[in-house]
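>>> Sequence below, structure please.
(one chain, ligands or ions: 2)
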Amino acid sequence: MRGRLRAAWAALEGDGPAVDARVWPRDLCAAFPGPRRLVEAWTGEGAAFARYATAHGPLFLKYVPLTWHDPRACARLERETAYLRDLAPLAPVLHAPFLHAAARAPHAHLLTRDLTDTTTGWGAFSSDPEREAGLRDVVRLLARLHAFWAGPDGHGHPALTGAWAWRPGDVIGRAQRMAARPQDYGVAAPVIADIAAALPELLAAPQPVTLVHGDIHAGQVLWPLGGGPPVLIDYGQTHPSVPGEDLAHLLAVRLDAAERENLGPALREVYREERARHGVPVSGRALAAEERAGLALNVLTTVRQARRTRGSGVQQALDQVLEVWAEGSPRNTR
Ligand SMILES: Nc1ncnc2c1ncn2[C@@H]1O[C@H](COP(=O)(O)OP(=O)(O)O)[C@@H](O)[C@H]1O
Ligand SMILES: [Mg+2]
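Ligands and ions are numbered 1, 2, ... in the order given. Have a look, this model is predicted:
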């Protein structure tokens, strides 16, 4: 409560991150002076959003509301800010340009260009062929992102240092700590044990080191109305990893079994073609190995998420990713 009062006080004083769509802190007003009209505001599950018409053009604000105490939401915004500000301008993947940010845990805001009037989202696709073409665009974006951040030697772009450096030992250590607490993970515990044991080898296999989006699905892409390359958004989970993490997330966590079966093979081919075009080719067989390593990482993430949130969407995602993992296990394929 003290933190909330302090945040409310700071907001009234005009310092720090925005915590409300209508009241802008002083530094934001100073950076974007003049009249602004609030066009639309809504609260999502992981952040709140507001759109403005201003003399500086259309602006899009993503923030943690005053009444929330959600350190994870704040951390996601800070990560997205760091990516958009420091790394995204280097990469050949379109993003909503960074304009302003502030953070004081557990609050943070991020201001970008509002692309609503110039783009359309996944929801606008009304037929299966349109949606399938949309998914091909999504995997092409992933291929370009992965190829670029793999860097010239495939071991990670030189800009991936500090917090952006790949530390497989940390990922393995975390899996081993999960495996040491089977009582926390119920029916998933044996799978976690398998994955913790297999992970050192899965991660040591030859594959690029890159940056992954971390939460990829069709809702994270905006398509320009006049055509042209799509825009990838929502970098709150972006992190260094192996590329299979994104591909497995899209195919095993976000698509259902029928979609995976019907669309998976073609999407993998589109991904391979685009990655080769951007200088990081991968054979079909090597891609299957990349995807398996990425699936292991997704099982761990989804298990952790399901433990934090009881939401039915997460539980369903967990059932699904566990099923896909089991389908590919040696005991089932022998
Ligand atoms: N810069 C932007 N311009 C226009 N719309 C945006 C922009 N950023 C996000 N959106 C819209 O807001 C939605 C939620 O934003 P997103 O960053 O994906 O947050 P969440 O973590 O809640 O998914 C997106 O699905 C998209 O429709
Ligand atoms: Mg999103």
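>>> For the stretch 51-200 of the chain, which residues are neighbours of ligand 1?
Residues of the stretch 51-200 of the chain lying near ligand 1 by CB under 6 Å from any ligand atom: 60, 62, 96, 112-116, 121. C-beta here means a position set from N, CA and C on the backbone, and glycine is covered the same way.
>>> and these, which of them are in strands?
Among these, the members found in strands (DSSP state E) are 60, 62, 112-113.
>>> correct me, but A252 touches L295?
Yes. Shown here, A252 and L295 form a contact pair, counting by CB atoms under 8 Å, at 5.7 Å.
>>> Now list whatever residues contact both of those two.
Counting by CB atoms under 8 Å, 6 or more residues apart in numbering, the residues touching both A252 and L295 are 321, 324-325.
>>> State the distance from the residue of the stretch 201-334 of the chain found nearest ligand 1 to S126.
Nearest residue of the stretch 201-334 of the chain to ligand 1: D234, at 3.4 Å (CB to the nearest ligand atom). Applying CB to CB, to the nearest Å, the value for D234 to S126 is 23 Å.
>>> So I233 sits against W223, correct?
No. Counting by CB under 8 Å, I233 stays clear of W223, with 11.4 Å between them.
>>> E40 falls within a strand, correct?
Yes. E40 forms part of a strand when assessed by DSSP: H, G, I helix; E, B strand; the rest coil.
>>> Use 11 as the first number from now on
Sounds good: first residue 11 from here, last item E50.
>>> and the protein, what are its domains?
As assigned by automatic domain parsing, the chain contains the domains 12-124, 130-343.
>>> Could you identify which of the ones you listed has the lowest mean pLDDT?
Ranked by mean pLDDT, these bottom out at domain 12-124, with a mean of 93.
>>> what's the neighbour count on E337?
Other residues lying near E337 total 12 when counted by other CB atoms under 10 Å.
>>> An error on my part: the question was meant for P340.
Other residues within reach of P340, judged by other CB under 10 Å, total 8.
>>> ditto for E211
Neighbours around E211, by other CB under 10 Å: 9.
>>> which helices and strands sit right next to the host helix or strand of it?
E211 is part of helix 199-214 when elements are defined by DSSP states H and E. Counting contacts by 3 or more CB pairs under 8 Å, 6 or more residues apart in numbering; DSSP states H and E, helix 199-214 is packed against helix 178-189, helix 294-318, helix 322-337.
>>> Among those helices, show me which one is buried the most.
Each of the helices and strands packed on helix 199-214 was scored by mean neighbour count; the highest is helix 294-318, a mean of 19, by mean count of other CB atoms under 10 Å.
>>> Right, I'll call it a day here.
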